[in-house]
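> everything below, folded, please.
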Amino acid sequence: MITLFYAGVLGVLHVVLAENVLKTYVRRTLGRIDDATVQKAQRVHGNFTEYVPHALILIGLLEINGAPPLAIHGLGALLLVARLLHVWGMYMKQVINPARTTGIQMTAFVILAGGVGGIVMFVARAIGR
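The predicted model follows:
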């Protein structure tokens with residue numbers, strides 16, 4: 001149930017990012033913005049769709065296999081903050097900035113922690129602990 005909450009919140013964010021792509025594309029076709037702005041919106045949305053599903057799958061699998069609720073909340077909250085930071089950082093003028101790099105690093109940490117946690121839980125059960 002915990003993962004469901006974070007998947008729901010991130011799902012809403014996903015729709016917001018998708019709508020932003022559509023809005024910027026429509027404004028571009030009307031001649032109000034340039035291609036670079038459309039491409040940025042597409043990359044923000046694309047990056048979200050590349051990383052969030054895998055992270056949520058790992059978090060959900062940890063949850064259904066009995067990981068502590070605090071760990072699940074920690075990973076879910078960290079993922080949410082990471083993705084918000086990444087979106088914010090992508091719209092800053094500097095290509096490389098603390099918000100974007102921190103968002104990337106935090107997302108990678110969630111996926112790594114979920115992966116390692118899954119391996120540890122599997123091995124512990126396989127050897128009977």
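
> drop to CA atoms for contacts and neighbour counts, all remaining ones
OK.

> ok, Tyr90 touching Val44?
Careful, residue 90 is Met; it's not Tyr. Yes: between Met90 and Val44 there is a contact under Cα atoms under 8 Å: 6.8 Å.

> look up the closest residue to Ala55, ignoring the ones flanking it.
In space, Ala55 comes closest to Ile111 once its chain neighbours are excluded; the distance is 5.2 Å by Cα to Cα, 6 or more residues apart in numbering.

> let me know the pLDDT of the one you found.
pLDDT recorded at Ile111 is 98.

> host element of the most centrally placed residue in the chain?
Central residue of the chain (Cα atoms, centre = their mean): Val52, 3.7 Å from the mean position. For Val52, the host element (DSSP states H and E) is helix 35-64.

> now Ile33
Using DSSP H and E, no helix or strand contains Ile33.

> touching, it and Arg27? I think so.
Yes: proximity of Ile33 to Arg27 meets the contact threshold set by Cα under 8 Å, at 6.1 Å.

> from start to finish, how long is stretch 63-71 in a straight line?
Using Cα to Cα, to the nearest Å, the end-to-end distance of stretch 63-71 comes to 9 Å.

> and that stretch, average pLDDT?
Across stretch 63-71, the per-residue pLDDT values average to 97.

> neighbouring contacts of stretch 46-62?
3, 7, 14, 72, 75-76, 79, 83, 107, 110-111, 114-115, 117-118 (Cα atoms under 8 Å, 6 or more residues apart in numbering).

> for PyMOL, what selects the buried ones among these?
Selecting only the buried entries of the contacts of stretch 46-62 in PyMOL, with 16 or more other Cα atoms under 10 Å as the criterion:
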select buried, resi 3+7+14+72+75+76+79+83+107+110+111+114+115+117+118
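
> of the contacts of stretch 46-62, which belong to helices?
3, 7, 14, 72, 75-76, 79, 83, 107, 110-111, 114-115, 117-118 (DSSP state H).
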